[in-house]
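# Predicted model follows, preceded by the sequence.
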Amino acid sequence: MRTETGQTFRLEDYRPTPYAIPETKLDFSLEPEKTIVRATLTIERRDGTPAGTPLVLDGDELKLVSIAIDGKPLADNSYVATPDQLEISDLPEGNRFTLEIVTEINPTTNRQLSGLYRSSGVYCTQCEAEGFRRITYYYDRPDVLSVYTVRIDADRQAAPILLSNGNPVDGGSVEGKPDRHFAVWHDPHPKPSYLFALVAGSLGVVKDHFTTQSGKPVDLAIYVEHGKESRAVYAMDALKRSMRWDEEKFGREYDLDVFNIVAVSDFNMGAMENKGLNVFNDKYVLADPETATDIDYAGIEAVIAHEYFHNWTGNRITCRDWFQLCLKEGLTVYRDHEFSADERSRPVKRITEVKILKAQQFPEDAGPLAHPVRPREYREINNFYTATVYEKGSEVVRMIRTIIGPDLFRKGMDLYFERHDGDAATIEDFVKVFADVSGQDFSQFALWYDQAGTPKVEAAFAYDAAKETYTIELSQSLGATPGQSVKKPMHIPIAFGLVGPDGKDMVPASIEGGDVRGDVIHLHRSSETIVFHGIKERPVPSLLRGFSAPVNLSAPLSDEDRAFLALNDSDPVARWQALTGISSQVLLEGAKRVRGDHPPAIDERNVELAGKVASDETLDPAFRALCLTLPTESDIAREMGSNV
């Protein structure tokens, strides 16, 4: 097993590989303890690579059996092979050649569950982020895209199911070996090695079909352990709804003839978006109607959608390097959030996202492991899979939509798919499409990807009845984080409203100062002052509607103001935040009284407020139920500045 070398990988050191691998052919002869892998790689020297540049491929605990170029075995002195690397110095003079590598691996003793392993009789792979190098020597990095053809042969009785990426193109009995059979899979879409997958074993299956918006039929299958088939029905329904939603909302149609899911109890990654062959731990996919809750079904829906949506945001367009991980994960989290919001209660979904962000990501930003959405260095890639990359990465995408609006956001996404299909892209590529379609400058906004920490926004309010003006003063600050002592002001979109005494948003006659577009204040500088003219009565300000930016907001609202917003704000998230703020204050006061040996007092006003929200039948029932949920111990602890 490879151990950490202590090497630090830096974004600034990125260089493309000197060679490309446009075609990859893999032949697996599966045996529990001695699997033979024959990799036939088409190698092309890239433009600008000097002739004679060594070919250096990644490995991890590999046993090399043989190696040949263009059908001729290599002399021992023309290459150096270790379990963790293959370096070939004696290469053909031409720009293109075929490299054949035969390795031997032991799936049964692979306890890392990375690469190809065998558990409970089922062969399975997990290659993200660097597992493919445990199968064969390869450029195991996301910017090397290749068209894969995979042949699998195995014992017919032990492994009647043989699956890989792409479409099935051949299969049958192995000549001269009646107890073995084979299957051949071809994926016409170039992909990086981390998206390779193979599953072989004895599994049950649930089958269905889907017809794309252009009329193309797609065969669907979910493979599970025997006896669990009935519990995969909801996942199949969620898959079909995900496929249709991606067509309608993002114009993305599925691109293969088959889509397979494997859900087994021994899969270690949780869920993996391998092209055309998603693999899950079955606890995220299976549901028994007798015991499953609404939360269980919502979770299945979200994870099925997330991995399917990766087909375009992650697979068809992948990452240039692992520093761009948020490009595929943050964007795909945003997409699965939007799907769940459309399928269920949008206010409840958004509030749930905010609660998770505050409970998981904000503490990460405030701790010793704080890092940007796109970190600039790492020592262990598996430590990259964080709430900051996923959840905050999703919030950054949401802010782009808030800044330019839904129509231009969709236009930008269409341009992203058109411009970068088949590419290994970067954050700069992604942001540029929105700058191009909107004509706006996103250079300051890009700091969201590069600066760690949660910005703090402080607000101050003043109403001048004589002048009929309402003034909002906003300031932003961002504390030092590890490796970043000096921070620059961010572009923070703050959705807002001025709620009048009648409970409706007031429309100012004019606005002076700041950058206000519609119902969004765009905070660019360390402090800004915005004056709203023509405000005939004192309003109650509603800031950060929809939680429009992942910031900590401090606003001097009275209990009366919060109660007013809880009952009247047109934005459900702001209503929930106002009500939660009141409940938190009541609990904090109660805790203070208990610490002083006084019994906690019942706040009749809070009880009355909760009752009014609960009885308001114009509100979504799920939203009303969420509003009645008290803050958790952890919520209160964050308010108190303590850990619970």
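Alright, I've got the coordinates. Everything numeric here is computed off the predicted structure, so don't read it as measured data. Numbers count the residues shown, from 1 in each chain.

# quick one: what helix or strand has V184 in it?
Using DSSP states H and E, V184 sits in strand 177-191.

# Which SSE is immediately downstream of that strand?
Where DSSP H and E defines the elements, the next helix or strand beyond strand 177-191 is strand 198-201.

# Direction included, what does that next one pair against?
Its sheet considered, strand 198-201 pairs with strand 122-126 (antiparallel), strand 161-164 (antiparallel) by DSSP bridges.

# Walking through the stretch 401-550 of the chain, point out its helices one by one.
Per DSSP state H, counting those that start in this stretch, the stretch 401-550 of the chain has helices spanning 406-420, 427-438, 447-450. These are given in chain order.

# which helices and strands does the longest one pack with?
Using 3 or more C-beta pairs under 8 Å, 6 or more residues apart in numbering; DSSP states H and E as the contact criterion, the neighbours of helix 406-420 among helices and strands are helix 233-250, helix 393-404, helix 427-438. For the C-beta atoms, the positions are set from N, CA and C on the backbone; glycine is no exception.

# Compare these and give me the one nearest N315.
For N315, the closest of those is helix 233-250, at 12.6 Å, according to C-beta to C-beta.

# What residues of the helix or strand of the chain with the lowest mean pLDDT count as buried?
Taking all helices and strands of the chain together, the one with the lowest average confidence (mean pLDDT, DSSP states H and E) is helix 633-640, at a mean of 82. Within helix 633-640, the residues that qualify as buried are 635-636, 638, counting by 16 or more other C-beta atoms under 10 Å.

# cool, stretch 28-45 as well?
Within stretch 28-45, the residues scored as buried using 16+ other C-beta under 10 Å are 28-31, 35, 37-43, 45.

# I'd like those as JSON lines, with distance to G131, secondary structure and pLDDT appended.
Supplementary listing: the buried residues of stretch 28-45 in JSON lines, determined by distance: C-beta to C-beta, whole Å; DSSP: H, G, I helix; E, B strand; the rest coil; pLDDT from 0 to 100:
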{"residue": "F28", "distance to G131": "15", "secondary structure": "strand", "pLDDT": "99"}
{"residue": "S29", "distance to G131": "20", "secondary structure": "strand", "pLDDT": "99"}
{"residue": "L30", "distance to G131": "17", "secondary structure": "coil", "pLDDT": "99"}
{"residue": "E31", "distance to G131": "20", "secondary structure": "coil", "pLDDT": "99"}
{"residue": "T35", "distance to G131": "15", "secondary structure": "strand", "pLDDT": "99"}
{"residue": "V37", "distance to G131": "13", "secondary structure": "strand", "pLDDT": "99"}
{"residue": "R38", "distance to G131": "19", "secondary structure": "strand", "pLDDT": "99"}
{"residue": "A39", "distance to G131": "15", "secondary structure": "strand", "pLDDT": "99"}
{"residue": "T40", "distance to G131": "20", "secondary structure": "strand", "pLDDT": "99"}
{"residue": "L41", "distance to G131": "18", "secondary structure": "strand", "pLDDT": "99"}
{"residue": "T42", "distance to G131": "22", "secondary structure": "strand", "pLDDT": "99"}
{"residue": "I43", "distance to G131": "22", "secondary structure": "strand", "pLDDT": "99"}
{"residue": "R45", "distance to G131": "27", "secondary structure": "strand", "pLDDT": "98"}
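
# Could you export those residues to a markdown table, including columns for distance to G518?
Output for those, formatted as a markdown table (distance: C-beta to C-beta, whole Å):
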| residue | distance to G518 |
| --- | --- |
| F28 | 57 |
| S29 | 63 |
| L30 | 59 |
| E31 | 64 |
| T35 | 60 |
| V37 | 58 |
| R38 | 61 |
| A39 | 56 |
| T40 | 58 |
| L41 | 54 |
| T42 | 53 |
| I43 | 54 |
| R45 | 53 |
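
# which of the residues you listed sit farthest apart?
Of all pairs drawn from the buried residues of stretch 28-45, the greatest distance, 35.7 Å, lies between E31 and R45 (C-beta to C-beta).

# The residue lying closest to L609 once chain neighbours are set aside: which element?
Spatially, and ignoring its direct neighbours in sequence, L609 is nearest to A563 (5.5 Å; C-beta to C-beta, 6 or more residues apart in numbering). Under the assignment given by DSSP H and E, the secondary-structure element containing A563 is helix 559-568.

# Other residues contacting stretch 399-410?
The list of residues contacting stretch 399-410 from outside it, by C-beta atoms under 8 Å, 6 or more residues apart in numbering, reads 250, 412, 431, 434, 437-438, 440, 442, 445, 448, 491, 493, 495, 520, 522, 546, 548-549.

# Parallel or antiparallel, which strands does the strand holding V184 pair with?
Looking at strand 177-191 with DSSP bridges, what it pairs with is strand 146-155 (antiparallel), strand 167-174 (antiparallel).

# Just say which of those strands is most tucked in.
Relative to the other members of the strands paired with strand 177-191, strand 146-155 carries the highest mean neighbour count by mean count of other C-beta atoms under 10 Å, namely a mean of 21.

# for the protein, longest helix please?
As assigned by DSSP state H, the longest helix anywhere in the chain is helix 572-595.
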